[in-house]
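Student: This is a predicted model, with the sequence first.
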Amino acid sequence: SIAISASIKKEGILSLSNLVGASIANITLLLGLGTIINTIKSKGTIFKRDSIILIFITILIFIFSLDKNISKIEGIVLLIFFIYYLIDLAKYNYFYQKIYYHKKRYQYGKINLPLQLLATLFGMLLLYLGAKYIIPSTINISNYFKIPEEIIALSIISLGTTLPELTVTIIAARKRLINLFLGNLIGSNITNLLLIVGLASVINQISITKIILIYLPYLLFVTLFFTLFLRKTWKNRIVQGFIPILFYIIFIII
């Protein structure tokens, strides 16, 4: 919602900054928190494969940004890659496993349909209001403190964007649902960079600033670290968990 609203208002750089910041937070801050709660032991090749895909996507976004904009054609390319990614996921029966999990989780008891519909509408209203007011508010805060808009989007707004992932991270890590935990982090970043950036740039070309060109390589760096993280068996979870959190602290300090 924020990305689309920002693009319509020709503030696409805010949406990209927000998504870059959220992606960094996912694979540093949330990864660290999850590891502290429970030792991460990745199972299966799908996460290792998807982490390589995530590296490729990050490099692709960086290449698209070198000419100081992400055009509508490049946005369409990102959307095509996202569709291909979904089709490829289906071949691994990953979606079917998740659907089965949710069916099994909620099949017991009667569903209060009016309440569910009301909750859905209320959630959509909150999303609309958030997207409507967060863009002008960000610009106003930026002007007041004389801070570039991208900095606020990279830090404060992106941290708010990761709140749903934070909830899933804590629940999944506590219940030792490691596949759900890792799938949430990887899937969120792939969706951010392919689907959301793709949609935003198709609506309106995104102009890239020097600040974003600085932090895209940092996103690539922490993505490479994330891939290394998945290929290791972590024994001392508290110590190892603070390493990705340290990368997020460095990001915020910078």
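Tutor: Great, that's in hand. What you see is a predicted model; the values in this text were computed from it and never measured.
Student: Spell out the residue ranges of the helices in the stretch 101-250 of the chain.
Tutor: Secondary structure of the stretch 101-250 of the chain (DSSP state H, counting those that start in this stretch): helices at 113-145, 149-152, 158-161, 163-174, 178-191, 197-203, 210-230, 237-253.
Student: Ranked by average pLDDT, which of those falls at the bottom?
Tutor: Across the helices of the stretch 101-250 of the chain, helix 113-145 has the smallest mean pLDDT, namely a mean of 69.
Student: tell me the phi and psi of T209?
Tutor: Phi and psi for T209, reported as degrees, to the nearest 10, are phi -100, psi 170.
Student: follow-up on the earlier one: most tightly packed of the helices of the stretch 101-250 of the chain?
Tutor: Most buried of the helices of the stretch 101-250 of the chain, by mean neighbour count (mean count of other C-beta atoms under 10 Å): helix 197-203, with a mean of 23. For every residue, glycine as well, the C-beta is placed using N, CA and C.
Student: which helices and strands does the host helix or strand of I57 pack with?
Tutor: With elements taken from DSSP states H and E, the one containing I57 is helix 46-65. Secondary-structure packing of helix 46-65 (3 or more C-beta pairs under 8 Å, 6 or more residues apart in numbering; DSSP states H and E): helix 72-91, helix 178-191, helix 210-230.
Student: Make sure I52 is actually in contact with F226.
Tutor: No. Counting by C-beta atoms under 8 Å, I52 sits too far from F226 to count as a contact (10.9 Å).
Student: Tell me who's in contact with the residue nearest to S51 when sequence neighbours are not counted.
Tutor: Leaving aside its sequence neighbours, S51 sits nearest to T227 (C-beta to C-beta, 6 or more residues apart in numbering; 4.3 Å). For T227, the residues meeting the contact criterion (C-beta atoms under 8 Å, 6 or more residues apart in numbering) are 48, 51-52, 54-55.
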